[in-house]
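>>> Just to be clear, the model below is a prediction. Sequence and coordinates:
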Amino acid sequence: MSQIQPPAPDAATPTPAPDAVPAPPVAAGFPAQSGASFLAPAPAPARTGNVALGIVAALVAALAAAAAYGGIMNALERQFSYAAVGVGLIVGFAAAKVGGRNPVLPVVAAVFSLGSVYLGQLFFVALFVAKSAHTGLGDVIDTLGVSGINDAWQQGAEIVDYAFLAVSGVVAFSLVRKLND
């Protein structure tokens, strides 16, 4: 009597394990699911920003904006309200985008923006004195010093000067709050 043997399995098709669960059918155009999605790594947490780097970015932006603000006023030979708004926008944007969400950043941006407009106005006064005296900016700073330039600014300051300071700070504060909400 001869025994009947089943045919040998094909090498191209793997033999399923006796207790394996059959895989669900795969639809055309979709990748097959392995069933081990719990082993996939968790997504990285959202980047929240670096507060110290945001403060440094706001400071750098404030110093650059102060120079630009003073230069614009010197070129126009008068104050320009939109430039003060621009200072607040630049400082606020730098603080918000680099620093991320932090309740300290709107206040820091507002203070730096106020300081930036103030320094820009002092720079404008120094440039105006240098142009009037037909001398260099360095000579004016050496002769008058920062306190002398500040005294000259205070003598000519009007309510609009303080309004520009306030507008700049409010714009910076508001922009940081808006971008981080």
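Great, that's in hand.
>>> all contacts plus neighbour counts: C-alpha atoms, from now on.
Will do.
>>> Could you check how far the helix or strand harbouring residue 112 is from the centre of its chain?
Using DSSP states H and E, residue 112 sits within helix 105-132. Relative to its chain's centre, helix 105-132 lies at 21 Å (CA atoms, centre = their mean, to the nearest Å).
>>> Please identify the buried residues of that helix?
Under the neighbour-count criterion of 16 or more other CA atoms under 10 Å, helix 105-132 has 105-130 buried.
>>> What is it packed up against?
Contact here means 3 or more CA pairs under 8 Å, 6 or more residues apart in numbering; DSSP states H and E; on that basis helix 105-132 packs against helix 51-76, helix 81-99, helix 137-156, helix 159-179.
>>> pretty sure residue 74 is touching residue 126, no?
No - judged on CA atoms under 8 Å, residue 74 makes no contact with residue 126 at a distance of 9.5 Å.
>>> and residue 102, backbone torsions?
Dihedral pair for residue 102: phi -160, psi 130, per degrees, to the nearest 10.
>>> I figured it hits residue 51, correct?
Yes - taking CA under 8 Å as the definition, residue 102 is a contact partner of residue 51 at 7.0 Å.
>>> quick one: low-confidence parts of this protein?
Along the chain, segments meeting pLDDT under 70 span 1-2, 6-48.
>>> Residue 87 versus residue 131, what's the distance?
Separation of residue 131 from residue 87 (CA to CA, to the nearest Å): 24 Å.
>>> And for residue 76?
Distance, residue 76 to residue 87, using CA to CA: 17 Å.
>>> Distance from stretch 138-148 to the middle of the chain?
Centroid separation for stretch 138-148 versus its chain: 34 Å, with CA atoms, centre = their mean.
>>> What are the contacting residues of that stretch?
The contact list for stretch 138-148, computed with CA atoms under 8 Å, 6 or more residues apart in numbering, reads 126, 129-130, 149.
>>> ditto for stretch 49-68
If you take CA under 8 Å, 6+ apart as the criterion, stretch 49-68 is touched by 87, 90-92, 94-102, 105, 108-109, 112-113, 115-121, 123.
>>> Could you list the buried residues of stretch 137-144?
137, 140-141, 144.
>>> cool, stretch 142-151 as well?
By neighbour count on 16+ other CA under 10 Å, the buried set for stretch 142-151 is 144, 149-150.
>>> again, but for stretch 167-181
Buried residues in stretch 167-181 (16+ other CA under 10 Å): 167-177.
>>> Tell me the spacing between the most centrally placed residue in the chain and residue 87.
Residue closest to the mean C-alpha point of the chain, counted by CA atoms, centre = their mean, is residue 97 at 2.2 Å. To residue 87, residue 97 is 16 Å away according to CA to CA.
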